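*Asks:* Return atomic coordinates for the entry below.
(one chain, ligands or ions: 1)
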Amino acid sequence: MPIQAPRLPKAGETIHGHKFFIGFGGKGANQCIQAARLGAKTAMVCKVGKDFFGDNYIQNFKDYGVNTDFVGQASDAATGAASIIVNDAGENAIVIVAGANMLLGSEELHKALPAISHAKVLVCQLEISPQTSLQALRMAQENKVKTIFNPAPAIPDLDTDFYRASDVFCCNESEAELLTGSPVSNVEEARQAGKELLKRGCGSVIITLGPQGCVVVEAQGSASIHVQTTSVKSVDTTGAGDSFIGALAFYMAHYPTMPLQEMACRANQVAGVSVQTVGTQTSYPLKKHLPAELF
Ligand SMILES: Nc1ncnc2c1ncn2[C@@H]1O[C@H](COP(=O)(O)OP(=O)(O)OP(=O)(O)O)[C@@H](O)[C@H]1O
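*Replies:* The predicted model follows:
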């Protein structure tokens, strides 16, 4: 729920803002919807509250053609929400209430097992309990389903089992920095961080670098590749990383033999379109609006 205001209010203060709007989000939902907009058959496994926001959240998935059979509604917790205040300088103050997200656990995953085990790709993040994410990744691997893990929001003491459960470990610069403990602010540093993360046991690593595209690090010992992207005029980069991951999941599902570097190159192009329009899910391109050579 973003609010635009001239400045951030002080404790106890009431001020007038410019604008208020409600947008759907959550990393998992964004990634799922980008994949669906490219033509992937998608299902979401998550938990919302039995409330107004939860009902609208489910309808939003349905509007995008996402299967909601595994979207549970908790009666004892509210739908996860974020209150975001952005001032005229572009600085923000954010309060996230995870709510029902934290109630997603083993029971729900077991109900979703038929969908998980028949999927081509499973994508997980850290906006639910980390142990639930890890369990889902393991369930996918046991069923030979490819996994993409997006360690966001990053936690410094990430369980090392997450690396082993990730076919593709995909994060942005600040997440890579937190996980490796080394600065990641340019291509060279991203290459080093990618190599370090790869050593921890994942199949491959992608570190996204905003307008500089991404770095792809595959199999131990092989060179890292900087996949540059086309320069575009960006107006709102919110959710660009999720657009990239949703697109990557689409390519992994639809073109399983395509080299990862080529998938990353195409995901760069998709995410590059998303930054040219205001909004998050609404800025994600549909297949019909993208050049045919991306498919
Ligand atoms: N200004 C830009 N021009 C072109 N492509 C961009 C730009 N910003 C982002 N992208 C594309 O989006 C991808 C993800 O961007 P970024 O690395 O900023 O992710 P992020 O930090 O997770 O984003 P956010 O937190 O804003 O969702 C990049 O790898 C690139 O493909």
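
*Asks:* Now do the contacts for the residue nearest to Ser204 when sequence neighbours are not counted.
*Replies:* Counting by CB to CB, 6 or more residues apart in numbering, Ser204 lies nearest to Glu218, which is 4.5 Å off, once chain neighbours are set aside. Bear in mind the C-beta positions are built from the backbone N, C-alpha and C, glycine included. Neighbouring residues of Glu218 by CB atoms under 8 Å, 6 or more residues apart in numbering: Leu198, Gly203, Ser204, Ile225, Leu260, Gln261.

*Asks:* Would you mind listing which of those residues are buried?
*Replies:* By neighbour count, with 16 or more other CB atoms under 10 Å, the contacts of Glu218 hold Leu198, Gly203, Ser204, Ile225, Leu260 as buried.

*Asks:* out of those residues, who's nearest Ala112?
*Replies:* Gly203 (23.0 Å; CB to CB).

*Asks:* pLDDT score assigned to that closest one?
*Replies:* Gly203 is assigned a pLDDT of 96 by the prediction.

*Asks:* Which members of the contacts of Glu218 occur in helices, if any?
*Replies:* Leu198, Leu260, Gln261 (DSSP state H).

*Asks:* Contact partners for the second one?
*Replies:* For Leu260, the contact set (CB under 8 Å, 6+ apart) comprises Val168, Ser204, Ile206, Val216, Glu218.

*Asks:* ok, how many other residues are close to the residue of the chain found nearest the ligand?
*Replies:* As assessed by CB to the nearest ligand atom, the ligand sits closest to Gly241 within the chain, at 2.1 Å. Look at Gly241: counted by other CB atoms under 10 Å, it has 23 neighbours.

*Asks:* Met1 too?
*Replies:* Neighbours around Met1, by other CB under 10 Å: 14.

*Asks:* Check Gln34 too.
*Replies:* For Gln34, the neighbour count with other CB under 10 Å is 32.

*Asks:* Could you shift the numbering so residue one becomes 520, and keep it that way?
*Replies:* Fine by me, first position is 520 from now on; the one you just mentioned is Gln553.

*Asks:* picking up where we left off before, need the pLDDT of the residue nearest to Ser723.
*Replies:* If you check Glu737, the pLDDT there is 94.
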